[in-house]
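I need the structure of the sequence given here:
(one chain, ligands or ions: 1)
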Amino acid sequence: MKKYLLIIWVVASTFTACNAQENNKKPMKLNKLSTQEAAVILHKGTERPFTGELLNNKDTGTYVCRQCDAALYRSEDKFESHCGWPSFDDEIAGAVKRVPDADGYRVEIVCANCGGHLGHVFEGERFTAKNTRHCVNSISMKFIPDKKQKMEKAYFASGCFWGTEYHFMKANGVLETTVGYMGGRTQSPTYKEVCTGTTGHVETAEIVYDPTKTTFEELLKLYYETHDFEQVGGQGPDIGEQYQSVVFYVNDEQKQMVEKYIQILKDKGYKPATELRPAPEFWSAEDYHQEYYDKKNGTPYCHIYRKIF
Ligand SMILES: [Zn+2]
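Residues are numbered from 1 along each chain as shown. Below you'll find the predicted structure:
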């Protein structure tokens, strides 16, 4: 029985190893190499210590093969060895092949995908817990930084900001919402000050969204579908400058998109009262106003969704 299990284990691990290799395989389209790159990658040369451009790189990302773009190392495995070449204590599974060096005593490392020379690997030096140092020529690699999440902002005012935020919080691609005040004459206003009607601020929701998951246009449609944009000087029972329908645009594309939709609404027979203004500073409202309906488990009294587009 034990023997069978062993066979199964060997077969299974062979498959796993093959799969790991397969996943790392890139189509073999090789990048053209400069003379200096070829001297190291093809002819197994070594760049001068402390000269490589990736030696002191501390950004998060992936180190890939300069010749074939296969991923080799992750930034979290890079460490400072003071030896003059980028050092890693681990490779991406299956990405690096070890071969006995022609010098008879060192172990050479090559890209498992294209065979390009990377450097040498040393064990037992006790630099890190993994006790391994991949000593890699900078010139054999390229660095691909991790993508930072893209974020864009939009500012919508449609009456009481509790109701405005309520719908955007639930919208696809929205990362964060904050309610606050925009467009007034004083700095950092309080709710009480805004409610006096003398500061000129408008209750506004700041929407932070991922432009790869939604668009300003989608958000704008939701804006129009969740308030009475024909009402002048307020929203529902909330009357005053503070409750006006306003879009504060942050760039020309947003401005043109709002103009386009105001025209679309007019063509549909509506009389949009929405004002279009460039975005001034946004002042966050007090904590108790944030995500109000979710905290109170309630629903808006005048922001009712109706399909228009
Ligand atoms: Zn390669």
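
Grab the nearest non-local neighbour of Leu223.
You called it Leu, but residue 223 is Tyr. Here the nearest residue to Tyr223 in space, its sequence neighbours aside, is Phe156; by C-beta to C-beta, 6 or more residues apart in numbering that works out to 4.8 Å. For every residue, glycine as well, the C-beta is placed using N, CA and C.

give me the beta-bridge partners of the one you found?
Beta-bridge partners for Phe156, by DSSP bridges, are Ala205, Val247.

tally of neighbours for it?
Phe156 has 26 neighbouring residues, counting by other C-beta atoms under 10 Å.

List the contacts of it.
By C-beta atoms under 8 Å, 6 or more residues apart in numbering, the contact set of Phe156 is 164, 168, 204-205, 207, 219, 223, 246-248.

and if we set it to 7 Å?
Residues in contact with Phe156, defined by C-beta atoms under 7 Å, 6 or more residues apart in numbering, are 164, 204-205, 207, 223, 247.

Assumed Ala39 was part of a helix.
Yes - Ala39 forms part of a helix when assessed by DSSP: H, G, I helix; E, B strand; the rest coil.

Roughly how far does the closest residue to it other than its chain neighbours sit from the ion?
Counting by C-beta to C-beta, 6+ apart, Ala39 lies nearest to Gly45, which is 4.3 Å off, once chain neighbours are set aside. Gly45 is 16 Å from the ion, where distance means C-beta to the ion, to the nearest Å.

Kindly report the same for Cys114.
From Cys114 over to the ion (counting by C-beta to the ion), the distance is 3 Å.

still on that earlier bit, hang on, isn't the residue nearest to Ala39 packed against Ala38?
No - here Gly45 lies out of contact with Ala38, judged by C-beta atoms under 7 Å, at a distance of 8.8 Å.

and which of the contacts of Phe156 is nearest the ion?
Ile207 (43.4 Å; C-beta to the ion).

Mind pulling up the pLDDT for the closest one?
At Ile207, the model reports a pLDDT of 97.

what number of residues lie near it?
26.

Where does the spatially closest residue to it that is not a sequence neighbour sit: helix, strand or coil?
With sequence-adjacent residues excluded and distances taken as C-beta to C-beta, 6+ apart, Ile207 is closest to Ala154, at 4.6 Å. The three-state label given to Ala154 by three-state DSSP is strand.
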